[in-house]
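Novice: Give me coordinates for this.
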Amino acid sequence: MAQEGVKCFFSSADLAVVGLMEVFGKFRTHVKAANVLKSVLKIHRPDLLILIDYPGFNLYMARIAKRLRVPVLYYISPQVWAWRRGRVKKIAKRVDRMAVILPFEKPFFQKTGMHVDYVGHPLIDAFEKKMGKATSHSAIRNPQSAIDEPIVALVPGSRREEVSNLLPIMIKAGEILKVEFPRIRFILPLAETISPAWLALFLENTTLDIEVHREGIYGALSGCHLALVTSGTATLDAAIMAVPMVVAYKVKPLTYQVGKRMIKVPYLGLVNLVAGESVAPELIQDEVTPERLAMAGRTFLVDGALRQQTIRKLEMVKENLGRGGASERTARIAAGMMGCSGSN
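Specialist: Numbering: from 1, shown residues only. Sure, this is the predicted structure:
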């Protein structure tokens, strides 16, 4: 948005945080951001407030907008279907219209009587912009036989907490795999939110051949046989590229203890939720060890039949994410809410 000329009061790095307890470390920043944006709403009275994900903060802003009679469009809905379902009623009171990106979200929110549009997933547009209309390279990357020279992606996330929690474990898992696959290679896509110098601290004491890729996740995943991925949107990136994966989720113990009592879905990985079944093994909290991560990943490298079956299911996940155009559909909805001519 900044690159497109949008005036930004705070960056995503200022506000981004993973976990329930970890948010207290940025409490003052959140309060400052809320006060600044509250003033913007009061002074400028915009024609429309567009909220994107980030429910804890954005639902508060939606309440302010409602009081000021500023229409609210929520794009990329809060994942209340996974936990804190009581928030649905709050959303229905404060939000005028929702544009959702996962197919099962529309009927979930429609139960409250909300005006909901399924626009498809914006990752499809990002993928096609970067890679073109190609679907995958599975026939080249994934022969039926075992792989002698595997290429493995390490995808520890885009937030510092995620990288700190998972990258050291992923590196140790890679060292275990290297014993069986001496010519194994690793690619690590560098998120824009992560400093290359900070990331380099994690790579100093390993013998692994790890290439840090700085040109986006799709370029990094192209040609990979396997991905070790943090739970989140990156699992859908891997699915779009038809790369078999192992999903890892690890946070601070107290955050996990609170979260596991609130989560109401059978899977944590978005790829499995969209698929409606377990197409990617999930290792959660204490299960995330180098040995278990290496063992789960190894299965995809030695079992050609499983690899091919998984690739087919991942290609179906990509189909379920829509045909592209999510951003354009959402823009038309926004224009319509502002009364612009020619919109729908």
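
Novice: roughly how far apart are D148 and V243?
Specialist: 18 Å (Cβ to Cβ, to the nearest Å). C-beta coordinates here come from the backbone N, C-alpha and C atoms, glycine included.

Novice: again, but for R298
Specialist: 15 Å.

Novice: ditto for H115
Specialist: 36 Å.

Novice: Neighbour count: these two, which is higher?
Specialist: For H115 versus V243, neighbours defined as other Cβ atoms under 10 Å are more numerous around V243 (31 against 14).

Novice: Tell me how many other residues surround D96.
Specialist: D96 has 17 nearby residues by other Cβ under 10 Å.

Novice: The helix or strand hosting L123 - contacts with which helices or strands?
Specialist: Per DSSP states H and E: L123 is located in helix 122-131. Using 3 or more Cβ pairs under 8 Å, 6 or more residues apart in numbering; DSSP states H and E, the elements in contact with helix 122-131 are helix 217-221, helix 233-240, helix 326-337.

Novice: nearest to R87, of those?
Specialist: Closest to R87 of the helices and strands packed on helix 122-131 is helix 233-240 (Cβ to Cβ; 20.2 Å).

Novice: which secondary structure elements does that closest one contact?
Specialist: Partner elements for helix 233-240 (3+ Cβ pairs under 8 Å, 6+ apart): helix 122-131, strand 151-155, helix 217-221, strand 226-230, strand 245-249, helix 270-275, helix 304-320.

Novice: okay, these in TSV with mean pLDDT next?
Specialist: Below are these laid out as TSV (pLDDT from 0 to 100):
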stretch	mean pLDDT
helix 122-131	89
strand 151-155	97
helix 217-221	93
strand 226-230	97
strand 245-249	97
helix 270-275	93
helix 304-320	94
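
Novice: what's the closest of these to I43?
Specialist: Taking the helices and strands packed on helix 233-240 one by one with Cβ to Cβ, helix 122-131 is closest: 30.7 Å.

Novice: which residues are in contact with that closest one?
Specialist: 101, 216, 218-219, 222, 233, 236-237, 240-241, 318, 321-327 (Cβ atoms under 8 Å, 6 or more residues apart in numbering).

Novice: Distance check, the residue positioned nearest the centre of the chain against M131.
Specialist: When Cα atoms, centre = their mean is applied to the chain, the residue found nearest the centroid is T233 (1.7 Å). Relative to M131, T233 is positioned 17 Å away (criterion: Cβ to Cβ).

Novice: wait, what's in contact with L226?
Specialist: 150-153, 243-246, 297, 300-301.

Novice: what do you get for V95?
Specialist: Counted by Cβ under 8 Å, 6+ apart, V95 has contacts 51, 62, 72-74, 114.

Novice: Let's see that with 10 Å instead.
Specialist: Going by Cβ atoms under 10 Å, 6 or more residues apart in numbering, V95 touches 49, 51, 58-59, 62, 65-66, 71-74, 77-78, 109, 112, 114-116.

Novice: try P78
Specialist: 51, 53-56, 58-59, 84, 87-88, 90-91, 95, 98, 105, 109.

Novice: buried set for stretch 285-294?
Specialist: Buried residues in stretch 285-294, counted by 16 or more other Cβ atoms under 10 Å: 285, 288, 290, 292-294.

Novice: Same question for stretch 100-113.
Specialist: Buried residues in stretch 100-113 (16+ other Cβ under 10 Å): 100-102, 105-106, 108-109.

Novice: in the stretch 1-150 of the chain, which spans are helices?
Specialist: 12-15, 27-44, 55-67, 87-94, 105-110, 122-131, 138-141 (DSSP state H, counting those that start in this stretch).

Novice: Show me how the record splits the chain into domains.
Specialist: In terms of domains, the chain is parsed into 12-122+323-337, 129-320 (source: automatic domain parsing).

Novice: Please give me every residue in contact with the residue lying closest to P103 once chain neighbours are set aside.
Specialist: Distances taken as Cβ to Cβ, 6 or more residues apart in numbering place N320 nearest to P103, at 5.7 Å, with adjacent residues excluded. For N320, the contact set (Cβ under 10 Å, 6+ apart) comprises 102-104, 120-121, 239, 274-276.
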